[in-house]
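[1] Need a 3D model of the sequence below.
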Amino acid sequence: MPIAPLPQFEADLAQHLAEQADREAYERLNAPKTIVVRFGTMKLVGEFPYKGEAKPGCGSKIVVRTHRGTEIGEMLTSTCANSGCSKSVSRKEMLEYIENSGGRQYPFFSKGRALRIATKEDMDDQARLEQGAHEMKMEARRIAEAIGAPVKVIEAEPILGGERLTFYYGSEDRPDVGELRRRLEARFSNRVDLRQVGARDEARLTADYERCGQYCCCKNFLKVLKPVSMKSAKTQRQTLDPLKISGRCGRLMCCLRYEDETYEELRKRLPRRGSRVGTPEGSGEVVDSQLLTQLVLVRLEGDGREVAVPVEELGDPGEMPRPRAAQPREARPREVKLRGDDRKGGERDERRPRKRRRPERAPSPAGPGPAPESADAPASDAPATGVDERSPRRTTDDAGDAPVRKKKRRRRRKPTGEGEGAQRGSTDGPSSPDGGTDGARDSSAGDPSDAPRPKKKRRRRRKPRPDAGSPPSGPPSGPPSGPESGPPPSE
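    Prediction:
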């Protein structure tokens, strides 16, 4: 039975071979000649020569001798190509970084040397000194209050060699601290160095996390703490409430300086508010602008519209092409329609505007005179005029053409004849005004006056008929519907 290796074993073997290759490459390298070290409570940076045989890497603890004495620092990198961590930078790159980070104000030192890699005993001594720094600070505060010195002791910093003891203090002015120095030297039996710091350096010594959730920039990587003005907050459209844009130190946050240069360059490209500029749609006045999107809101001079234009499309008002004058809606040409033979590549023919045509009425066969009398309707003595007496709303012109207003429509009533309608009228008919019933009326009578009076119904409007002639002059056909039709029939 063959044995197949598991995928996990293959991955572990590949990782082991890669680590072995790195160790062999590390053994072939020589020790670095120069080391860049960060040391002290204020995170000072120095480049010191190194003559040891061990090959430290980035982050290693190094015992260095600086201008203050012997202390422990942290290796950042090396400035020679043949280094143990294989992540060295050239000296030119390091100097460029220092120049961009503050230049001469950058806390960079070169007088000193790296002694050795820190041992366990060195680390224990350093931890003991850091634990006793708090008691030294409180003792210095009691001495300052006893002599009435107008200072506030912020931090105490002992070093590994014990050559110097540094105290950082803050004050509103520059007081005389000679008496305080003599009292502290007598108390700790050591050389004392008093250094005055500002509010930002105080936050670097004591603060930890900022409101953004990140470690304080001044304590993490910033070395030069330049003042920040309210102009940076205005340029970046930040809130002008100092409580919302201030850091742990009570000053404006240092991160306002990160993008200040970029915002200044973008702001210079935008025109001022109220200036006159040219756009592809015409000249106008700048109303507002957006810094990050580089859009300008322009109010056009022609029609007063406000349009957003990118800053790249702006120009001088005289050089920009003038837009064509907007044509009124009635004068605009209709859309172009292709005829059958023009769709294959022929010329286009503009569609003519459509005209609303009024429905033509068929002329009367008797001419423009009065309409002929109907056989069913009785003759009327009313003269044929332009006004219909039955419907005062309907008027006609003198020639009897199309009506000016619509005629009120009436529903035709079916005459009552023989059959089911007569029987229904004889039994269920409504009572007459004299107390009789219409059901007693004989439906077979030929005289219209003897016919039963139908129930009065609601009138409805009649839609105009385009082919209708002149309005009839006589009364409508059918049985009368009013009380004037005659007396009620007798039983």
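[2] Grab the longest helix from this structure for me.
    helix 120-147 (DSSP state H).
[3] Next, the buried residues of that helix.
    122, 125-126, 129, 136-137, 140-141, 143-144 (16 or more other CB atoms under 10 Å). C-beta here means a position set from N, CA and C on the backbone, and glycine is covered the same way.
[4] buried set for stretch 102-119?
    Quick answer for stretch 102-119 (16+ other CB under 10 Å): 108-109, 112, 114-115, 117-118.
[5] Can you tell me, leaving aside adjacent residues, what's nearest to Ala133?
    Spatially, and ignoring its direct neighbours in sequence, Ala133 is nearest to Ala156 (4.8 Å; CB to CB, 6 or more residues apart in numbering).
[6] so what strands line up beside the helix or strand containing the one you found?
    With elements taken from DSSP states H and E, the one containing Ala156 is strand 152-158. Strand 152-158 pairs in its sheet with strand 165-170 (antiparallel), by DSSP bridges.
[7] Helices of the chain, start to end?
    Assigned by DSSP H, the helices in the chain fall at 7-28, 91-100, 120-147, 178-188, 199-206, 217-220, 230-235, 260-269, 420-428.
[8] Could you list every helix and strand in contact with the longest one?
    Packed against helix 120-147 by the contact rule (3 or more CB pairs under 8 Å, 6 or more residues apart in numbering; DSSP states H and E) you find strand 61-65, strand 70-78, strand 152-158, strand 165-170, helix 178-188.
[9] quick one: pLDDT of Phe109?
    At Phe109, the model reports a pLDDT of 93.
[10] Can you get me a residue count around the residue lying closest to it once chain neighbours are set aside?
    Counting by CB to CB, 6+ apart, Gly46 is the residue found nearest to Phe109 once chain neighbours are left out, at 3.9 Å. Neighbour count for Gly46, taken as other CB atoms under 10 Å: 23.
[11] Arg237 is in contact with Ser289, isn't it?
    No: judged on CB atoms under 8 Å, Arg237 makes no contact with Ser289 at a distance of 11.0 Å.
[12] Between these two, tell me which one has more neighbours.
    Ser289 (19 against 10).
[13] my read: that one touches Arg273, true?
    Yes: the pair Ser289 and Arg273 qualifies as a contact (CB under 8 Å) at a distance of 7.1 Å.
[14] Please report how far Arg38 lies from Val89.
    Separation of Arg38 from Val89 (CB to CB, to the nearest Å) stands at 14 Å.
[15] Equivalent analysis for Ile159, please.
    Ile159 sits 27 Å away from Val89, going by CB to CB.
[16] Between the two, point out the one with more neighbours.
    Ile159 (20 against 17).
[17] Can you name the residues that contact the more buried one?
    68-71, 129, 165-166 (CB atoms under 8 Å, 6 or more residues apart in numbering).
[18] Now rank those residues by neighbours and give me the top one.
    Neighbour max across the contacts of Ile159 (other CB under 10 Å) = Glu71, 24 neighbours.
[19] Not counting sequence-adjacent ones, nearest residue to that residue?
    Looking at Glu71 with CB to CB, 6+ apart, the closest residue is Ile159, at 4.2 Å.
[20] what are the phi and psi angles of that neighbour?
    The phi/psi pair for Ile159 (degrees, to the nearest 10) reads phi -120, psi 170.
[21] quick one: Ser90 from Pro7, how far?
    42 Å.
[22] Who has more neighbours out of these two?
    Ser90 (11 against 8).
[23] correct me, but that one touches Thr79?
    Yes: in this structure Ser90 lies within contact range of Thr79 using CB under 8 Å: 6.6 Å.
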